[in-house]
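Student: This is the structure alone, sequence omitted:
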Ligand SMILES: NC(=O)c1ccc[n+]([C@@H]2O[C@H](COP(=O)([O-])OP(=O)(O)OC[C@H]3O[C@@H](n4cnc5c(N)ncnc54)[C@H](OP(=O)(O)O)[C@@H]3O)[C@@H](O)[C@H]2O)c1
């Protein structure tokens, strides 16, 4: 039986071709437009609110960004192509709840650029990559704007930006619990896209790995967050 | 799905003359049913099916995308236009069953269709429900062949399928594997003696089944479907991109292209019934179907073909 498993490859678990996948992205864009504008503004607003001390609202906006990729893209569309899509979709909705709960109990905080370490800078870069740069992959690779993937509409940029946000703003355990689902998705998607010969696939593995390294780094760094000891905020955030 | 008006082996031989149709290599006679398409008989009934069928893994899973559904409809249409017979699908292939149904809705059910579906569930009690779901997606009442996909819960499923066959609800029963998995167990099931079909991986670079499974099929009188004839596609893509078909193959059996080379290698094995390449493109489909007609390589030529591919 073990020997049997060795005969399986990633290809055996990808039940669609690249053209079908990109048509799915394209058709989702057609159906969702102009939601893109709202989700991008929402992502920017989350960053600005965080900086201004509104960690709770920022987290709530981030949680909202997981609803369409999970509830519509994965549960309604992707699952038609892949039986595992239902599980992914529910995991995304679960992530929305996790992020929302963390936001509610004040786990997202802005510490200021002056207190940025390596992990926070890496997180900042991932957030910008997921929110802005990711948009340009498909057009640059020749697929046109119709195939562009957008934060809050498609799963990949949403997961990448969330890992970035978490590295910048989350506390210790909240960082870990908010990282798990986006990181797992990044790995699943990286394997899928690699099989479909998509050039930006390695970026997703990289995002998950940077998240992991950043969280480990933050766990060992002995620097209490301002106004709290470890995970216990002493005062409400907002 | 009994909508067959397949010309029987005897009728076909009458049309063509037995001499022209029989190949010395074959333990089962090959027949050119309409003067073009080579067919092989299913051992348990003698019914002939064309040696090239159509697979649907990945290629037909296009969801509810109308544009792509119409493109796949063209592939199905071309398949029957070229004298195609067997189409193989599975509930595991996402929306492929529905996409086939969409195509049949537009082109109707050709007389030569040989519907090959699978059961793919661990739950023995769900099998009837799953078969009914698949049938409604295809738009058929019953299937010609129902196979246990990758031996999943095969003990329970085979029992039910054999009962369904007895009751006339399906016509043939089979099991499938691929990539050389679980061959010992596969052979044990074949040796029970109650199967009409097996489906397994056989192509010029994966020939493990020649050792035990194909002889078992011959002994037990089981029809054999070869899946992954292009090893998932990489094999033919690589050959097309980097090599030309050897001249000796052109001279020996009129080999036209790499599709011809690879598919004729498969279906010239005496114990093979048909190969089921999958494609998204009409041009590839026609190329593949052309391999189901004309001359086939003999045993010496097959050896040479293997050596050639190994040398590349
Ligand atoms: N356990 C099981 O039951 C099992 C396992 C594996 C497979 N199967 C069955 O067997 C079928 C065939 O296996 P498969 O689909 O895995 O692999 P395959 O038929 O060996 O290869 C399919 C690939 O070959 C390409 N292709 C087809 N004709 C071509 C041509 N003339 N020139 C160039 N490329 C060509 C197709 O790409 P284009 O779209 O570009 O033509 C497609 O990507 C499956 O579809 C499925 O029905 C069953």
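Tutor: Cool, the structure landed. For clarity, every value in this text was computed on a predicted model and none was experimentally measured.

Student: And the residue of the stretch 51-200 of chain B closest to chain A?
Tutor: As assessed by C-beta to the nearest C-beta, chain A sits closest to residue B:63 within the stretch 51-200 of chain B, at 4.2 Å. No exception for glycine: its C-beta is placed from N, CA and C like everyone else's.

Student: What score does that residue have for pLDDT?
Tutor: For residue B:63, the pLDDT comes out at 95.

Student: Torsion angles phi and psi at it?
Tutor: phi 70, psi -150 (degrees, to the nearest 10).

Student: My read is that it contacts residue A:24, right?
Tutor: Yes - Residue B:63 is within contact range of residue A:24, at 6.7 Å (criterion: C-beta atoms under 8 Å).

Student: so what sits against both of these two?
Tutor: A:77, A:81 (C-beta atoms under 8 Å, 6 or more residues apart in numbering or on different chains).

Student: helices or strands next to the longest helix that chain A contains in the packing?
Tutor: In chain A, taking DSSP state H as the definition, the longest helix is helix A:172-195. With contacts taken as 3 or more C-beta pairs under 8 Å, 6 or more residues apart in numbering or on different chains; DSSP states H and E, helix A:172-195 sits against helix A:85-104, helix A:155-169, helix A:201-220.

Student: As JSON lines, those helices with mean pLDDT would be great.
Tutor: JSON lines is the format used below for the helices and strands packed on helix A:172-195 (pLDDT from 0 to 100):
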{"stretch": "helix A:85-104", "mean pLDDT": "97"}
{"stretch": "helix A:155-169", "mean pLDDT": "97"}
{"stretch": "helix A:201-220", "mean pLDDT": "95"}
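
Student: Nearest approach to chain B belongs to which of those helices?
Tutor: Once the helices and strands packed on helix A:172-195 are compared by C-beta to the nearest C-beta, helix A:85-104 is nearest, at 9.0 Å.

Student: what helices or strands is the very next helix or strand once past the closest one leaning on?
Tutor: Next helix or strand after helix A:85-104 toward the C-terminus (DSSP states H and E): helix A:118-131. Judged by 3+ C-beta pairs under 8 Å, 6+ apart, helix A:118-131 is in contact with helix A:35-51, helix A:155-169, helix A:201-220.

Student: Helix A:118-131 versus helix A:172-195: what angle between them?
Tutor: When axes from the mean of the first three to the mean of the last three C-alpha atoms, to 10 degrees is applied, the directions of helix A:118-131 and helix A:172-195 differ by 50 degrees.

Student: Pick the most deeply packed of the helices and strands packed on helix A:172-195.
Tutor: Ranked by mean neighbour count, these are led by helix A:155-169 with a mean of 29 (mean count of other C-beta atoms under 10 Å in any protein chain shown).

Student: other SSEs contacting that one?
Tutor: Contact here means 3+ C-beta pairs under 8 Å, 6+ apart; on that basis helix A:155-169 packs against helix A:35-51, helix A:55-64, helix A:85-104, helix A:118-131, helix A:172-195, helix A:201-220.

Student: Repeat the analysis, applying 6 Å as the threshold.
Tutor: helix A:118-131, helix A:172-195, helix A:201-220 (3 or more C-beta pairs under 6 Å, 6 or more residues apart in numbering or on different chains; DSSP states H and E).

Student: What is the burial count for the closest residue to residue B:193 other than its chain neighbours?
Tutor: Counting by C-beta to C-beta, 6 or more residues apart in numbering or on different chains, residue B:220 is the residue found nearest to residue B:193 once chain neighbours are left out, at 5.7 Å. The number of residues packed near residue B:220 is 17, by other C-beta atoms under 10 Å in any protein chain shown.
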